[in-house]
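J.: Sequence and predicted model, in that order:
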Amino acid sequence: MRTILLLLASLLFVSACSPASPEGPRNADAEARPPTDTPPPAAPSPTGSSTEPPSASEAACSTDADCAPAACCHAASCVARSVAPDCRAVLCSMECRQGTMDCGGGCVCQGGRCGARMMSGPAAM
């Protein structure tokens with residue numbers, strides 16, 4: 001009787017360790033991650049992202065709310081909110097880059113044109 005119980009316990013142990021599907025075990029982390037076919041980000045330019053419109057200062061406005069950053073991450077210029085990129089699905093680094101609106105900068109309406117208020121300098125640690 002003891003031999004049968006030991007055989008059943010070992011059979012149960014071995015069957016619990018076998019893959020559930022015929023193609024083998026799956027990596028749950030690999031299935032949860034999105035594909036990485038996106039190109040690496042472009043190097044920052046003095047005017048912001050490479051996807052921003054070239055003449056961002058031409059955006060007409062009447063209040064600060066009419067303006068938005070010209071790039072989703074590390075923007076250095078502003079455009080009219082109506083032509084600003086949709087950044088809801090974009091995840092940016094938490095880096096404060098010099099010459100951008102990161103960490104305290106923003107868009108302002110000055111003289112009827114959208115302009116960028118740059119950060120004053122690197123944050124003190």
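T.: Received it, and whenever you're ready, just let me know what you need.

J.: Could you use CA atoms for every contact and neighbour count after this?
T.: Noted.

J.: Next secondary structure after the least confident helix or strand in the chain by mean pLDDT?
T.: Lowest by mean pLDDT, DSSP states H and E among the helices and strands of the chain is helix 28-32, with a mean of 43. Next along the chain after helix 28-32, taking DSSP states H and E as the criterion, comes strand 67-69.

J.: so what secondary structure elements neighbour the next helix or strand after that next one?
T.: Sequence-wise, the next helix or strand downstream of strand 67-69 (DSSP H and E) is strand 78-80. Other elements packing on strand 78-80 under the criterion 3 or more CA pairs under 8 Å, 6 or more residues apart in numbering; DSSP states H and E are strand 67-69, strand 113-117.

J.: Go through those strands and name the closest to Glu95.
T.: strand 67-69 (16.3 Å; CA to CA).

J.: ok so Ser82 is a helix residue?
T.: Yes: under DSSP: H, G, I helix; E, B strand; the rest coil, Ser82 sits within a helix.

J.: still on that earlier bit, redo the helices and strands packed on strand 78-80 as a markdown table? Include mean pLDDT.
T.: As requested, the helices and strands packed on strand 78-80 are exported to a markdown table (pLDDT from 0 to 100):
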| stretch | mean pLDDT |
| --- | --- |
| strand 67-69 | 96 |
| strand 113-117 | 94 |
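
J.: Nearest to Ala76 among the ones you listed would be which one?
T.: Per CA to CA, nearest to Ala76 of the helices and strands packed on strand 78-80: strand 113-117, 6.6 Å.

J.: tally of neighbours for Cys72?
T.: Using other CA atoms under 10 Å, Cys72 has 20 neighbouring residues.

J.: Ok, the one 4 residues further on next?
T.: Under the neighbour criterion other CA under 10 Å, Ala76 is assigned a count of 30.
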